[in-house]
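1. for reference, the sequence and a predicted model appear below.
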Amino acid sequence: MSNCQPTFQRIGMLGGTFDPVHLGHLRSAVELHEALGLKRLHMIPAPQPPLRGEPRVAPETRLALLQAGIGDTPGLVADDRELHRAGPSYSADTLAELREQYGDQARLMMVVGHDAFLKLAQWHAPRRLFELAHVVVIDRPGYNDPLPGELRELLGEREVDSVSELMRHAKGGLLRLSLPSRMAISATGIRHRLAAGQSVRYLVPEAVERLIIQKALYRNE
């Protein structure tokens, strides 16, 4: 009689404005794919993020840049599902769609950066996020400040210490994950460079740079 535990699909969701996508985004995505043992990481551009300002370029253009940046990278998917939705992009709605797509037993993970994590209690239907998925935080080295009270209340006893512990359940957990490569690249800095006519070579993939130049994007930051 086998003692092997059943293996369930591991699916990740990484949302953002990707305005524009850069090598920091993409390297983090590859390292997340490896660290979490994901079958697929859905990278999902938000047309209108509720807690951020209006992105500089149209959602369809940011999707095209993301597709160019990902290219043929195994396991990474440029997912356009939020572009077909009217109004603000709510992560809970996207997770609900992914949960329906992959089934109740899939290990579904929403990945957020440290800054977004600190505002998690302010998100739309924050408790629903944990009813649908795990939350994985890309931790920042040296950031050990106390969490806001509202966030501590939301998290309760959800945090675990390892990927294997997180994978025991399909949803409801929290894992803070440190990635090997922390690239100090910002989309804001890239936009400023482009507006000033400066080079962004080696900050974005070559295919993304070509599209930006071809479409004359971010000229008037």
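-> Yep, it's here.
2. in contact with residue 125, which residues are there?
-> If you count contacts by Cβ atoms under 8 Å, 6 or more residues apart in numbering, residue 125 has them with 90, 92. C-betas here are computed from N, CA, C, even on glycine.
3. cool, residue 193 as well?
-> 199, 200, 203.
4. I'd like the next helix or strand past the helix or strand of the chain with the lowest mean pLDDT.
-> Sorting the helices and strands of the chain by mean pLDDT, DSSP states H and E puts helix 114-118 at the bottom, at a mean of 91. The helix or strand immediately downstream of helix 114-118 is helix 126-132, counting by DSSP states H and E.
5. now that next one: buried residues?
-> 126, 128, 129, 130, 132 (16 or more other Cβ atoms under 10 Å).
6. need these in CSV with distance to residue 171 and pLDDT, can you?
-> Below are the buried residues of helix 126-132 laid out as CSV (distance: Cβ to Cβ, whole Å; pLDDT from 0 to 100):
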residue, distance to residue 171, pLDDT
126, 14, 96
128, 11, 97
129, 9, 98
130, 7, 98
132, 6, 98
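7. name the nearest of these relative to residue 160.
-> residue 130 (12.6 Å; Cβ to Cβ).
8. next, count neighbours for the nearest residue to the closest one once chain neighbours are set aside.
-> Of all residues not flanking residue 130 in the chain, residue 172 sits nearest, at 5.0 Å (Cβ to Cβ, 6 or more residues apart in numbering). A count of neighbours around residue 172, defined by other Cβ atoms under 10 Å, yields 14.
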